[in-house]
Structure formats: structure tokens, C-alpha cells
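Engineer: Structure of the sequence below:
(2 chains)
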Amino acid sequence: DVFHPWETVTTAAMQKYPNPMNPSVVGVDVLDRHVDPSGKLHSHRLLSTEWGIPSIVKSLIGTCRTKTYVQEHSVVDPVTKTMELKSSNISFTNLVSVDERLVYKPHPHEPDKTVLTQEAIISVKGVSLSSYLEGLMANTISSNANKGREALEWVINRLNAEIEEFAASARGTMRNSMAAAAFVEK
Amino acid sequence: MNSVGEACTELKREYDQCFNRWFAEKFLKGESAGDPCGQLFKRYQLCVQKAIKEKDIPIEGLEFMGPSKGKTE
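Structural biologist: Residues are numbered from 1 along each chain as shown, chains lettered A, B, ... in the order given. Take a look at the predicted model:
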């Protein structure tokens, strides 16, 4: 439960960034917004996030590839008082994708509260996560060991951060325990 | 909060201010007719679309709808 009425929560959700809990969000843009024939407001937004990246890695991959983007589609129905938010991340590496769905509704019995249901689906594309990391390990040993180790450290941190960020905020069901199991092995 | 396109941040802020006010004061109260932010949105959009193309951001399944679609009808 969120201890505020639905209108307050929804207005705040539309202006969620910047906030100290999401310091990596550096940009928010509205790609499209319109009211549909049934009176619901649709917004498509693009969130840009920037992870702390060691400058040695930046010099390898170039600064334009250091951002992760999240695409967000929200629907606000002022009649039924429902706000639904769906987001998924899009990034150049596309290694981990996280789809999130949040629904805000007024509390059925207490009008000053809002109920939030949230689910996150984390999927790892391509090969399973643990074998990807093993493959990367083998490569770095055979090439420049120092550079490789730092890059791997960065990849692990980035993946951890992506997953933890969503795990920390998700109170609903988290599917794909394979991703979680792979990180326990680390 | 910045825009993905550095040049668009000011346009974004003007639009956001207009939108946030309309959203809380009109839309949530059931008066969605007459969106006063259309012009600001158009200018901001043009800037953002250009920035996204330039940065090659892979936006899936989203057609950039014309600014007049569904707004004032």
C-alpha cells in the first residue's frame, strides 16, 4: 500500500525522475502522448540511464554505448482510477532484459491509500547467463588479462545493478530464477 | 531532469510544466478536453525525434504519430 490517495500517487508517478532512489536515470523524454477515444491518457516515454563506468572501459567501447534505455508505456484512466505502467529496457548490448508492470489503484476500503501491484520479469537473451560469463572468462585469460578483468568486473556489476535495481523495487512475482541462481554462483 | 537530446532539455521543461499542471488540475478531475500544451509538445517532439535518430536509439514498435492524432478530436 502507498499511503497517499491515488491522484497524488499518479501525479507523482508522472514526475518520478529525478529522485535519489534512481540516481542512474539521467534523462526522461515523452515520445508520444495522447488521450484515446475512451478518455484514457497514453504516454510513451524514454528513460535514459547511465551506469558508473570506469574510464578505461569507456575508452574501449566509446561513450555513446554507455547508456541503457528504458521504454515506458503508461495508461491513466481517470474514471476507473487506474494507472498502469509497463516498462522494458532496451540497450545496445541487450544482454539482460527486464520487463516491469505496475498498476496503481485506489485502496478499495481506504480512500487515502493507493494499492500498487508490481511484477518484474527478468530474462536473459541468448545463451544462459552462467555460460556467457564463463565464455568471457576464458577469453580474457587468453588476451590482455588486466583489461579483460576490468571489463568483466564492469559487466558483472552492470548486470547485478540492473537486476538488483528491479529486484529492490519489485514486490510482486519475480520469474526466471535462472538469472538469480547464476549470480549466487559468483 | 534532462532530455536524451541535450538541445531539447529546455523545450522539455516547458512542456513538462504545462503537462503536469494540466494533468493534475484538469485531466484527473475528468476534464480532458482542450489540451493547452499542443504547441509546446510539437516543438519538443521534433527535437527529440531528431536526437533519437542521431543517437541511433533502437525504439521498438513505436511509430511517431503526428502531433494532431487523438489530441483535440
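
Engineer: who's A:H44 bridged to?
Structural biologist: As for beta bridges, A:H44 partners with A:D32, A:H73 under DSSP bridges.

Engineer: State the distance from B:G34 to chain A.
Structural biologist: 11 Å (CB to the nearest CB, to the nearest Å). C-beta coordinates here come from the backbone N, C-alpha and C atoms, glycine included.

Engineer: What part of chain A, helix or strand, is modelled with the least confidence?
Structural biologist: strand A:174-175 (a mean of 44; mean pLDDT, DSSP states H and E).

Engineer: Distance check, the closest residue in space to B:G30 that isn't next to it in sequence against A:V70.
Structural biologist: Spatial nearest neighbour of B:G30, excluding adjacent residues (CB to CB, 6 or more residues apart in numbering or on different chains): A:P78 at 5.8 Å. Here A:P78 is placed at a distance of 25 Å from A:V70 (CB to CB, to the nearest Å).

Engineer: More neighbours: which of those two?
Structural biologist: Neighbour count, other CB atoms under 10 Å in any protein chain shown: between A:P78 and A:V70, A:P78 has more, with 22 against 18.

Engineer: these two touch, right, the more buried one and A:G39?
Structural biologist: Yes. A:P78 is within contact range of A:G39, at 7.0 Å (criterion: CB atoms under 8 Å).

Engineer: For beta bridges, what are the partners of A:D99?
Structural biologist: With DSSP bridges as the rule, A:D99 is bridged to A:S88, A:I121.

Engineer: tally of neighbours for it?
Structural biologist: 15.

Engineer: which SS class is A:T68?
Structural biologist: With DSSP: H, G, I helix; E, B strand; the rest coil as the basis, A:T68 sits in strand.

Engineer: Could you tell me whether A:M83 really is in a strand?
Structural biologist: Yes. Applying three-state DSSP, one finds A:M83 inside a strand.

Engineer: Now do it: how many residues are near it, please.
Structural biologist: 25.

Engineer: if I pick the closest residue to it other than its chain neighbours, what's in contact with it?
Structural biologist: Among residues not flanking A:M83 along the chain, A:Y104 sits closest, at 4.3 Å (CB to CB, 6+ apart). Contacts for A:Y104 (CB atoms under 8 Å, 6 or more residues apart in numbering or on different chains) come out as A:2, A:6, A:9-10, A:13, A:82-85, A:114-116.

Engineer: Report pLDDT for A:Y104.
Structural biologist: On pLDDT, A:Y104 comes in at 83.

Engineer: From A:T49, how far out is the closest residue to chain B within chain A?
Structural biologist: In chain A, the residue that lies nearest chain B is A:H34 (3.8 Å; CB to the nearest CB). Using CB to CB, A:H34 is found at 26 Å from A:T49.

Engineer: Same check on B:R21?
Structural biologist: B:R21 is 27 Å from A:T49, by CB to CB.

Engineer: Neighbour count: these two, which is higher?
Structural biologist: Set B:R21 next to A:T49 and count neighbours by other CB under 10 Å: A:T49 wins out with 21 against 12.
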